[in-house]
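> Just to be clear, the model below is a prediction. Sequence and coordinates:
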Amino acid sequence: MTISERIFEILSERKMTLTELSDRTGIAQITISDWKTKKTNPAVYNNMTLCEIFEITPYELLTGKMDKEEARFLADCRDFSPEQRRRLIKYMKTLQSETEREYKNDGSREKRGCMDVLHSMTQDYTIQLEV
C-alpha cells in the first residue's frame, strides 16, 4: 500500500473529507485529489503535517503499522474520562521534563521520548496511576 492509499484509508476511517483535510493542513484540495487520481504520494515536507493531523507517527504513515504496545496503550487511553486524560498528560509531561534533564546532565545519554521512559519504567516496576 502506498502512502497516498494509506492517507485515503485514514480519511475514510475517520470520516474526514478532502475539504476538511485541506483546511486543517493548508494543502490545496487539488493536490490531495492528485494523490488519489494520479497515484502520487505527498511531498516529504507534507508528511509531518499529515501525521500531526491524523495523530499518527511517521512510521505508521509509511508502513501502516503501529507498535503493539503503543496501540494497546492508546486503546486504553480512549476509554479514560476527561479528568483521567488530563492527569495522564500531566504525568507524561513530568516524565518528559525528567528525560530532558537527564539528557542535559549527561551528554552521552541518548535523548529518549516520554513513551520510551514510561516503557522502560514498566519493565522494572509496576506503576499504579490514580485513574
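Arrived safely, thanks for sending. Model, not experiment: these values are computed from the prediction.
> tell me what the helix or strand encompassing Y91 is packed against?
Per DSSP states H and E: Y91 is located in helix 82-105. Helix 82-105 sits against helix 114-124, with contacts defined as 3 or more Cβ pairs under 8 Å, 6 or more residues apart in numbering; DSSP states H and E. To be clear about C-beta, it is placed using only N, CA and C from the backbone, and glycine gets the same treatment.
> How is M16 assigned, secondary-structure-wise?
Judged by DSSP: H, G, I helix; E, B strand; the rest coil, the three-state class of M16 is coil.
> Next up, the contacts around it.
Going by Cβ atoms under 8 Å, 6 or more residues apart in numbering, M16 touches I10.
> How about I10?
16, 54, 56.
> Next, name the residue at the spatial heart of this protein.
Nearest to the mean C-alpha position of the chain, counting by Cα atoms, centre = their mean, stands I56 at 3.2 Å.
> Mind pulling up the pLDDT for that residue?
Listed pLDDT for I56 reads 85.
> Give me the mean pLDDT for stretch 100-109.
pLDDT averaged over stretch 100-109 gives 60.
> wait, T57 sits on C51?
Yes - using Cβ atoms under 8 Å, T57 makes contact with C51 at a distance of 6.4 Å.
> which regions of the chain sit below the pLDDT cut-off?
67-68, 71, 101-131 (pLDDT under 70).
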